[in-house]
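K.L.:
Below is the sequence, then the predicted model.
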Amino acid sequence: MNELAQKFYPENKIPESLKDFESETESVLDIFKFGKVKPLFSDQKFTEKSAFPTIQIGNLPECRAIFQGGMGLGVSCGEMAGQVAKLGGFGTTTAVMFGREPKKNAEIVAKELIHARSIAGVNNVVGTNIMHALKDYKKFVEVAIENGAQFLAVGAGLPTDLAKLTKNYPNVALLPIVSSGRAVKSILRAWAKENRKPNAIIYENPLLAGGHEGGKLGEIRADSPQYFYRYGLAQVFDALFEFGQKIGDNNYKNIPVIAAGGINPTDLLYVLNLVNSRGQRVAGVQIATPFLTTDVAGIPRDAKQKDVDANERFVQAHLQNSKIGLIESTAGLLPGRVLLNEFVSEIQELEQSIREKVKGCVDCLKKNYCQFEKTQWCIMQRLSSMVNGETEKGLGFTGRRPQHFGKTTVDEIINRYELIFQN
């Protein structure tokens, strides 16, 4: 295990330069190997920020530029999303609720979204995160919209069809999740045919984000510099600018870009100060892992004592286990960043686990994504095990540098991020 993977900045120590931030991956930066992509600033000091930034996307109300990431198996439940939205951020429910009642998944997705909106109140924003790899992806897009989702964040696959699926809902903001400029270009080309632009782009950094990563497993393990924030974001900004130039629409370069993946409070000034010569810069951040240890993570609308107990075990697993591993996921063999436990160690050591009996398979992924025959373990079954408190047998997604604050609340997490701007 690379000890540097566990480094994070002590509280109240704000990095003063790019070198400080990226010192954990001190590979020699060969700029030319990345073609036309030039890194964003490399020597500038960070500027002062006086207040947490706000953002207005599509026709939605202006909110704090903090997006709560979507976490499956109901971790991003209605209660969590509603509280984030009530505090002025972008609350996000998940469409992956399979761990409870598979046959009622769509119904549960709807209930949690409705519950989130009831908590959020008027003029606050709630949306839904949907995996493109899901078998019922199109159905969940419909369910989310019908039940009041104000935005859709779609990743785990390339959502080139999302603009077409939502052509009758122009007021629903669309936020594709990408990890490269190439992905951005594919989406822009497809959506332009429907006369639709993304309302924002969520760039998820493969070196730091939890969950499924958009990149090659070997390159991610090797901390390839092409995945540093300043390279990845540069590719996204270039893709937006170049596509706009190509079709004669300069507004593309102004599409907001949200940075996601491993952003702890003390990293905010670094991320929000990344800027290129055209003035393109990060408009906001998405965070997920810090919310894992809140008292509402995975607590459904109709909470029972067993759900509260499961939350307690789930939280403790993340607080006690700070070691992180990378796996090849059943979902399209995508790299996945998870808590290192007995099950994950077995996968890494043997390349595959002993073939397991999948009881009550929920048939959750599209046929071209489900790689059970190769991995020999079921992602939904293993995620459910973790959420249910089987911490050594389950799968728990997490960011690379989790800076946990103990068992806490949604309000406390957001306050931690805002305090950086008050020092």
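P.N.:
Good, I have the coordinates. Treat the numbers as computed from the prediction; the structure is a model and nothing was measured.
K.L.:
For the rest of this, base every contact and every neighbour count on C-alpha atoms.
P.N.:
Noted.
K.L.:
Give me the below-cutoff pLDDT ranges for the protein.
P.N.:
1-50, 98-102, 321-322, 350-355, 357-360, 402-405, 422-423 (pLDDT under 70).
K.L.:
so where do the strands sit in it?
P.N.:
With DSSP state E, the ranges of strands along the chain come out as 54-55, 63-64, 66-68, 90-94, 125-131, 151-155, 173-178, 201-204, 211-212, 257-260, 284-287, 324-328, 335-339.
K.L.:
Give the burial count for the residue nearest to Leu188 when sequence neighbours are not counted, as a bare number.
P.N.:
Leaving aside its chain neighbours, Leu188 sits nearest to Lys197 (7.0 Å; criterion: C-alpha to C-alpha, 6 or more residues apart in numbering). By other C-alpha atoms under 10 Å, the residues close to Lys197 number 22.
K.L.:
Any chance of the backbone angles for Lys197?
P.N.:
phi -110, psi 150 (degrees, to the nearest 10).
K.L.:
and it, what does it touch?
P.N.:
Counting by C-alpha atoms under 8 Å, 6 or more residues apart in numbering, Lys197 makes contact with Leu188, Trp191, Tyr252.
K.L.:
Could you export those residues as TSV, including neighbour count and distance to Ala95?
P.N.:
TSV is the format used below for the contacts of Lys197 (neighbours: other C-alpha atoms under 10 Å; distance: C-alpha to C-alpha, whole Å):
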residue	neighbour count	distance to Ala95
Leu188	21	24
Trp191	19	23
Tyr252	20	29
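K.L.:
if we take these, which one ends up nearest to Phe151?
P.N.:
Trp191 (16.2 Å; C-alpha to C-alpha).
K.L.:
Touching, the closest one and Ala163? I think so.
P.N.:
Yes: with contact defined as C-alpha atoms under 8 Å, Trp191 reaches Ala163; the gap is 5.6 Å.
K.L.:
Tell me the one among the contacts of Lys197 nearest to Asp363.
P.N.:
For the contacts of Lys197, the nearest to Asp363 is Trp191 (29.0 Å; C-alpha to C-alpha).
K.L.:
how much space is there between the spatially most central residue of the chain and Ser76?
P.N.:
The C-alpha lying nearest the average C-alpha coordinate of the chain belongs to Gly69 (C-alpha atoms, centre = their mean; 4.7 Å). For Gly69, the distance to Ser76 equals 8 Å [C-alpha to C-alpha, to the nearest Å].
K.L.:
before we move on, what about Ala190?
P.N.:
Counting by C-alpha to C-alpha, the gap from Ala190 to Ser76 is 29 Å.
K.L.:
repeat for Val126
P.N.:
12 Å.
K.L.:
that older thread, give me the more crowded residue out of Ala190 and Ser76.
P.N.:
Ser76 (32 against 18).
K.L.:
right, and the more buried one touches Arg301 too?
P.N.:
No: if you go by C-alpha under 8 Å, Ser76 and Arg301 don't touch, sitting 11.6 Å apart.
K.L.:
now the helices for this protein?
P.N.:
18-21, 78-86, 105-120, 137-146, 162-165, 181-192, 217-221, 229-247, 268-272, 305-320, 342-350, 372-375, 379-387, 410-419 (DSSP state H).
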